[in-house]
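Novice: Return atomic coordinates for the entry below.
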Amino acid sequence: MFRVYNFAAGPAMLPEEVLVRAQQEMLNWQDTGVSIMEIGHRTTTFQDMLNKLEDKIRKLMHVPANYKVLFLSGGGQGHFSFLPMNLTGKNKKVDYIVSGTWSERAAKYAKRYADVNIVTTATLASIPDASTWKLSNDAAYVYYCPNETINGIQIHDVPQTNGIPLVADFTSSILSEEIDVSKFGVIFASAQKNLGISGITLIIIRDDLLDQAQECTPEVFNYKTQAEQTSLLNTIPTVPVYMMDLMVDWIIDSQGGLKKVAENNRRKVQKLYDCIDNSNGFYTNIIDKKYRSLINVPFTLPNDELLKHFLIEAGQVGLAYLNGHKLVGGARASLYNAMPEEGVDKLVAFMNDFAKRNTK
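Specialist: As a prediction, the model looks like this:
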């Protein structure tokens with residue numbers, strides 16, 4: 001079977017064993033005689049899977065008892081709007097840390113529903129020191145995106161907010177390492193990176209924040225209402241939930257949990273950064289090393305003609321979707337959990353050879 005190494009930023013590479021399991025179960029899921037694509041979301045079989053998935057996520061991430069775990073549609077960008085709708089019914093002041101494209105867009109969307117204060121704005125290469133941040137003392141929440149996929153910037157330390165609830169878009173970094181959920185008011189992540197396929201968004205929200213919604217909040221995106229209905233107020237995207245369940249099983253059973261996943265991820269990305277840094281300037285990553293992403297690695301080549309040939313030749317040897325985002329150009333390698341180390345090794349070997357062949 002022909003498979004490439006998929007370095008796309010998302011929807012992203014899935015583990016082959018997850019795809020094989022989904023293939024095997026596609027026509028007859030759990031001996032029901034029907035496909036997961038046909039199963040009713042209110043059947044006992046599906047609800048049992050959903051409940052067990054929540055339990056597995058709680059154990060894997062050590063989610064405290066005073067948090068609800070929700071599975072909703074809408075995607076990351078949808079929740080850029082649903083979050084302020086749900087959290088600013090009593091206080092419309094909100095703080096946003098802008099570290100790249102996605103947090104900038106989230107702040108833009110939030111301005112339709114709340115009074116947004118920009119705490120700080122990243123440069124192309126770095127984050128201003130926290131001592132210069134302009135945090136409010138009475139905001140409903142502080143928002144940030146730990147990892148910016150387009151810019152390749154990652155905030156590795158959890159921001160200090162002086163007791164104000166912290167909201168975090170973990171779409172691209174969820175389950176890539178262990179985190180202390182208790183430091184956050186809300187964690188959300190659309191699934192198409194480390195949680196399966198597009199179509200479902202994981203929401204982890206502290207109980208005391210469930211009664212803050214604006215009246216304009218649609219019922220199906222009202223976090224309190226969905227929590228009361230265990231995410232089943234409306235028809236849940238059943239196949240994305242199923243794929244999330246397979247991905248969580250893979251992390252637990254095949255990868256050995258989040259500590260082991262984090263070790264693998266750090267080893268993989270270090271190989272790629274070493275290749276870039278030791279290329280004598282042929283490849284360039286401009287991000288301050290303190291804020292380099294451990295997941296999405298953008299880099300440039302000496303000129304656009306070389307970039308064009310780099311992408312073509314990479315594709316010919318099974319290294320796919322290495323083009324950078326259209327907003328920034330260049331190249332980009334996304335190393336989510338499913339990317340095996342041998343994929344990174346093959347990419348590094350190709351990059352070293354390409355640089356050698358094209359250095360005058």
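Novice: Would you state the helices of the protein in chain order?
Specialist: Secondary structure of the chain, counting by DSSP state H: helices at 16-25, 44-61, 75-87, 101-110, 223-228, 238-249, 258-277, 304-316, 341-357.
Novice: Tabulate those (CSV), appending distance to Lys326, mean neighbour count and mean pLDDT.
Specialist: Glycine gets a C-beta too; all of them are placed from N, C-alpha and C. Shown next, in CSV, are the helices of the chain (distance: least, C-beta to C-beta, whole Å; neighbours: other C-beta atoms under 10 Å; pLDDT from 0 to 100):
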stretch, distance to Lys326, mean neighbour count, mean pLDDT
helix 16-25, 28, 14, 96
helix 44-61, 33, 16, 98
helix 75-87, 16, 23, 97
helix 101-110, 11, 20, 98
helix 223-228, 33, 19, 98
helix 238-249, 26, 21, 98
helix 258-277, 21, 16, 98
helix 304-316, 13, 15, 98
helix 341-357, 21, 16, 98
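Novice: Which of the ones you listed sits closest to Gly196?
Specialist: Using C-beta to C-beta as the measure, helix 238-249 is the one of those that comes nearest Gly196, at 3.5 Å.
Novice: elements contacting that closest one?
Specialist: Based on contacts counted as 3 or more C-beta pairs under 8 Å, 6 or more residues apart in numbering; DSSP states H and E, the elements that helix 238-249 packs against are helix 16-25, helix 44-61.
Novice: What lies in contact with the longest one?
Specialist: Going back to what we said before, that points to helix 44-61. Residues lying outside helix 44-61 but in contact with it, judged by C-beta atoms under 8 Å, 6 or more residues apart in numbering, are 29-30, 32, 39-41, 63, 69, 71, 175, 178-179, 181, 202, 204, 230-232, 236, 238, 241-242, 244-245, 248-249, 251-252, 257-258.
Novice: If you count neighbours, what's buried in stretch 168-186?
Specialist: In terms of neighbour count (16 or more other C-beta atoms under 10 Å), stretch 168-186 has its buried residues at 168-177, 179, 184-186.
Novice: Give me the subset of those lying in strands.
Specialist: Residues from these lying in strands, with DSSP state E as the criterion: Ala168, Asp169, Val186.
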